[in-house]
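Visitor: need a structure here:
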Amino acid sequence: MEKLSALQLQKSKVGLTYTKGIRFLKNFKPWRKPKFWSRLGIALLVFIILTILYISSLDISKLQTPLAQPSYLYDQKNTQISQLSSSKIEPVSAPQIPLVMKNAIIAVEDRRFYEHQGVDPRSITRALFRDLKTGDFSEGGSTITQQLAKNLFLASDKTITRKLKEVAYALKIEVVLEKDDILAAYLNQIYFGEGRWGIQNASQLYFGKNVEQLTLVESAVLAGVLKAPTIYSPLSNKPKSLERRNLVLSLMKEQNYITSAEYEKAIIQPIVLKKRSLSDPSGKYASYVNYVVKEAIDRIGFTEEQILNGGLQIYTQMDPSVQKAAEDVYKDSSFFPAGKADQIVQSGVVLIDHSTGGIKGLVGYRGEGVFSGFNYATDLVRAPGSAFKPLSVYGPALELGYTSDSKVSDSPLNIDGYVPKDYDNQYRGNITIQEAVRHSWNIPAVWLLNEIGIESGVDFVERSGIPLDKMDHGLPLALGGLTKGVSPLQMAQAYGAFANLGVMNKAYAITKITSKDGDLLYQVQPEAVQVTTPSVAYMMTLLLQDVVTNGTGENAKLDRPTAGKTGSVELPPDDQQFSGISKGEKDVWFVGYTPELTAAVWMGYEKTDANHYLTTAGGSEPAVVFREILSRALKSTPVVPFEIPKEYVEQNKASNKISKWLKDKFAPKGSEADKGKGKKK
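Guide: The predicted structure is shown next:
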């Protein structure tokens with residue numbers, strides 16, 4: 001009874017409170033007072049003004065900033081070979097997105113997209129009611145515009161404040177952009193699973209095609225992925241993806257985007273994937289691509305940001321057959337000296353069309369590389385050894401009237417304390433220039449440079465496009481002893497003058513650069529330098545052909561005319577860590593050419609020390625690599641001889657006439673020449 005009385009008492013109190021409350025509400029009627037309406041009107045006006053000011057103050061410039069556009073590289077035949085981008089998004093414009101894709105997204109994500117102004121009151125009310133019930137504000141209700149705002153400008157926290165900001169941003173976006181542009185921006189930014197952002201990347205990943213080519217069924221698959229990319233990815237879970245796709249198709253039919261017949265035809269189709277390799281075209285021809293970026297920055301003046309995100313169309317001189325030949329050889333370790341467990345023997349090669357200067361192929365390292373990493377073909381600065389002799393000694397000597405038969409000294413030599421040695425530590429006395437070049441003997445080269453004057457050698461080298469330090473103006477120049485050194489690119493470019501009858505065409509990779517719309521931004525202006533005469537260049541070619549046929553470069557011999565020179569650089573004799581090592585090389589080279597291509601190959605360790613040095617020579621692996629690359633690159637090219645310049649033919653005729661005249665004039669009486677004359681008489 002006591003408990004009942006207490007309960008009755010509690011009910012009595014509640015009832016009394018309720019009664020008082022009702023009485024208060026009946027008596028409290030502020031809307032009957034004019035002041036209430038005026039104050040309410042002012043409050044609403046202030047709220048509206050503040051809201052408008054707040055929305056106006058929102059910064060949505062990020063939305064209007066053009067998305068990063070990937071740049072594309074093309075080979076010499078204008079075939080796309082690679083893609084450059086620092087962005088995970090490859091954007092497309094609204095006109096590029098097919099109508100079926102737009103309709104699929106709208107059907108499943110925001111059916112009233114074209115009716116609302118960024119915020120759908122119906123959806124908001126429905127979602128807010130459910131959020132208030134659960135208390136976690138997890139319900140959707142967001143329009144496509146709101147989702148775009150959230151993805152671009154807001155954190156992903158689930159709070160009422162974030163929801164209100166989302167609404168404000170959506171309203172601002174709708175004022176600035178057209179509906180189709182909003183939809184395109186949304187599809188460019190959204191995540192489609194498998195590490196792919198944006199509709200274009202998703203289309204390429206799942207179906208191997210550009211967004212413009214998407215079909216109804218494919219569009220429905222992509223639209224279905226968005227709800228939960230991990231669950232509905234057709235690559236990870238095709239059954240779930242198929243189920244979700246069919247739901248999208250049913251929504252499209254329900255909203256009259258497709259007919260019943262189209263729906264029935266679509267739902268019975270399987271999901272057919274044509275996944276495009278993630279490395280296609282990005283990552284191909286990495287060495288060449290890295291050099292193209294470097295050339296565009298250093299020589300042309302573009303920034304890396306412009307190259308990676310500017311939508312540039314970069315046309316190059318790359319010949320895929322030459323590049324592939326070089327890359328295939330560099331993948332085969334049997335062509336290179338065995339390295340150490342902690343360091344492989346590195347190498348770089350450049351192949352140039354000496355008739356134009358176009359870089360046809362380039363490999364900048366062995367093993368794995370990184371974007372904008374060190375390129376041994378173009379960034380290297382190493383001494384060239386005997387490969388430098390044609391530039392520093394024999395080229396200028398031929399210009400001064402020496403010939404392949406001219407005599408040079410291979411005897412002990414000491415010029416102001418500089419004492420060169422041949423690699424076999426022997427002496428042969430007076431020999432011809434041809435013999436000296438053929439066997440790459442050092443003493444004759446130093447002796448000859450001293451005879452013609454060091455500045456003659458300096459002048460020829462610098463004409464060949466290789467800058468020299470003041471410290472290089474000495475006799476070590478004869479043997480490639482340089483303060484800084486050279487790269488394979490510089491050596492190939494310089495030797496190109498011999499191959500091209502004395503004219504050196506400055507090497508280049510980029511032919512032209514245009515904008516995405518085709519506007520010409522850069523066009524190469526070929527630079528040609530007359531290094532020497534056609535006759536001197538051809539005489540050098542004859543000397544270097546003999547090196548390959550009979551001398552140190554025999555391993556470079558091809559089934560076509562080939563000229564070239566070996567180079568080996570000994571370990572520094574004044575470095576104590578190498579004391580006790582009787583035979584060791586720091587760098588080895590082969591530089592050579594055919595009538596079609598000039599190539600330079602370098603090999604060596606990244607860091608040479610007492611445990612990392614070469615025991616080979618330029619005539620070994622470098623010459624073999626040259627031969628392998630050129631034979632593969634030119635296998636379909638007809639064999640032609642080196643061109644003989646007219647001036648060489650004329651000079652040779654004149655020389656033969658003089659020789660015959662001298663022979664006849666000074667021939668001893670009774671000789672065959674004299675008898676011949678008597679018979680004529």
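
Visitor: gap between the residue nearest the centre of the chain and residue 307?
Guide: For the chain, residue 289 is the residue whose C-alpha lies nearest the centre (CA atoms, centre = their mean; 2.7 Å). Using CB to CB, to the nearest Å, residue 289 is found at 10 Å from residue 307. Bear in mind the C-beta positions are built from the backbone N, C-alpha and C, glycine included.

Visitor: Run through the stretch 1-150 of the chain and note the low-pLDDT ranges.
Guide: 1-42, 46-68, 86-87, 124, 126-141 (pLDDT under 70).

Visitor: redo that, cut-off 50
Guide: 1-4, 7, 14, 137-139 (pLDDT under 50).

Visitor: next one: the chain
Guide: 1-4, 7, 14, 137-139, 277-280, 671-681.

Visitor: any chance you could map the strands in it?
Guide: 71-74, 80-84, 313-316, 346-353, 358-363, 407-410, 429-432, 503-505, 510-514, 520-523, 528-530, 563-570, 585-593, 598-604 (DSSP state E).

Visitor: In JSON lines, list the ones you listed along with distance to residue 147.
Guide: Formatted as JSON lines, the strands of the chain follow (distance: least, CB to CB, whole Å):
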{"stretch": "strand 71-74", "distance to residue 147": "30"}
{"stretch": "strand 80-84", "distance to residue 147": "28"}
{"stretch": "strand 313-316", "distance to residue 147": "33"}
{"stretch": "strand 346-353", "distance to residue 147": "50"}
{"stretch": "strand 358-363", "distance to residue 147": "46"}
{"stretch": "strand 407-410", "distance to residue 147": "81"}
{"stretch": "strand 429-432", "distance to residue 147": "83"}
{"stretch": "strand 503-505", "distance to residue 147": "56"}
{"stretch": "strand 510-514", "distance to residue 147": "36"}
{"stretch": "strand 520-523", "distance to residue 147": "37"}
{"stretch": "strand 528-530", "distance to residue 147": "58"}
{"stretch": "strand 563-570", "distance to residue 147": "63"}
{"stretch": "strand 585-593", "distance to residue 147": "59"}
{"stretch": "strand 598-604", "distance to residue 147": "55"}
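
Visitor: can you pull the contacts of residue 604?
Guide: 345-347, 382, 585-588, 614 (CB atoms under 8 Å, 6 or more residues apart in numbering).

Visitor: top of the residues you listed by neighbour count?
Guide: residue 588 (28 neighbours; other CB atoms under 10 Å).

Visitor: Next one: that residue from residue 384, what distance?
Guide: Taking CB to CB, one finds residue 588 at 10 Å from residue 384.

Visitor: Ok, residue 650 next?
Guide: 34 Å.

Visitor: hang on, the earlier thing: so which of the strands of the chain gets nearest residue 297?
Guide: Closest approach to residue 297 among the strands of the chain (CB to CB): strand 510-514, 10.9 Å.

Visitor: CA-only coordinates of that closest one in PDB, if you can.
Guide: Taking Å, rounded to 0.1, in the frame of the first residue of the first chain, the C-alpha atoms of strand 510-514 are listed here in PDB:
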ATOM      1  CA  ILE A 510      63.600  16.200 -78.100                       C
ATOM      2  CA  THR A 511      62.300  17.100 -81.500                       C
ATOM      3  CA  LYS A 512      59.400  19.300 -80.400                       C
ATOM      4  CA  ILE A 513      57.000  19.900 -77.500                       C
ATOM      5  CA  THR A 514      53.400  20.900 -77.900                       C
END
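
Visitor: Report the angle between it and strand 358-363.
Guide: 100 degrees (axes from the mean of the first three to the mean of the last three CA atoms, to 10 degrees).

Visitor: And for residue 566, nearest residue in space, chain neighbours not counted?
Guide: Leaving aside its sequence neighbours, residue 566 sits nearest to residue 618 (CB to CB, 6 or more residues apart in numbering; 3.4 Å).

Visitor: about what we covered before: higher neighbour count, residue 650 and residue 384?
Guide: Using other CB under 10 Å as the criterion, residue 650 and residue 384 rank with residue 384 on top: 31 against 11.

Visitor: Share the number of residues neighbouring the residue lying closest to that one once chain neighbours are set aside, please.
Guide: Distance criterion CB to CB, 6+ apart; nearest residue to residue 384, sequence neighbours excluded, is residue 480 at 4.2 Å. The tally of other residues near residue 480 (other CB under 10 Å) stands at 26.

Visitor: Figure out which of the strands of the chain is closest to residue 295.
Guide: strand 510-514 (5.6 Å).

Visitor: what pairs with that closest one, and is each one parallel or antiparallel?
Guide: strand 313-316 (antiparallel), strand 520-523 (antiparallel) (DSSP bridges).

Visitor: highest average neighbour count across the ones you listed?
Guide: Highest mean neighbour count among the strands paired with strand 510-514 (mean count of other CB atoms under 10 Å): strand 313-316, with a mean of 24.

Visitor: what does that one contact?
Guide: With CB under 8 Å, 6+ apart as the criterion, strand 313-316 contacts 71-76, 78, 81, 84, 288, 292, 296, 307, 359, 509-516, 518.

Visitor: Which among those residues count as buried?
Guide: 71-76, 81, 84, 288, 292, 296, 307, 359, 509-511, 513-514 (16 or more other CB atoms under 10 Å).

Visitor: Quickly note the distance from residue 388 to residue 108.
Guide: 69 Å.

Visitor: out of these two, which sits in the more crowded spot?
Guide: Taking other CB under 10 Å, residue 388 and residue 108 do not tie; residue 388 has more neighbours (28 against 21).

Visitor: Make sure residue 206 is actually in contact with residue 232.
Guide: No. Look at residue 206 against residue 232 with CB atoms under 8 Å: they stay out of range, at 11.4 Å.

Visitor: Compare these two and say which one has the larger neighbour count.
Guide: Taking neighbours as other CB under 10 Å, residue 206 and residue 232 compare with residue 206 leading, 27 against 24.

Visitor: Now the residue nearest to the centre of the chain: closest residue in space that isn't a chain neighbour?
Guide: residue 82 (5.1 Å).

Visitor: Who are the contact partners of the residue nearest to residue 402 when sequence neighbours are not counted?
Guide: In this structure, residue 402 finds its nearest non-sequential neighbour in residue 433, 6.3 Å apart by CB to CB, 6+ apart. Residue 433 makes contact with 394, 397, 402-406, 408, 444, 448, 543, according to CB under 8 Å, 6+ apart.

Visitor: Need those in a markdown table (columns: neighbour count and distance to residue 167).
Guide: Formatted as a markdown table, those follow (neighbours: other CB atoms under 10 Å; distance: CB to CB, whole Å):
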| residue | neighbour count | distance to residue 167 |
| --- | --- | --- |
| 394 | 31 | 81 |
| 397 | 24 | 84 |
| 402 | 19 | 87 |
| 403 | 13 | 89 |
| 404 | 18 | 87 |
| 405 | 9 | 92 |
| 406 | 15 | 91 |
| 408 | 24 | 89 |
| 444 | 30 | 87 |
| 448 | 22 | 86 |
| 543 | 24 | 82 |
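
Visitor: What segments of the stretch 251-400 of the chain are helices?
Guide: In the stretch 251-400 of the chain, the segments counted as helices under DSSP state H, counting those that start in this stretch are 260-267, 286-295, 304-309, 320-331, 389, 395-399.

Visitor: Tell me which of those helices sits most buried.
Guide: helix 389 (a mean of 29).

Visitor: Just list the residues touching residue 405, thanks.
Guide: Counted by CB under 8 Å, 6+ apart, residue 405 has contacts 432-434.

Visitor: From residue 432, how far off is it?
Guide: Distance from residue 405 to residue 432, by CB to CB: 5 Å.

Visitor: Could you do residue 90 as well?
Guide: 63 Å.

Visitor: what about the two, which has more around it?
Guide: Remark: of residue 90 and residue 432, residue 90 carries more neighbours, 23 against 15, as counted by other CB under 10 Å.
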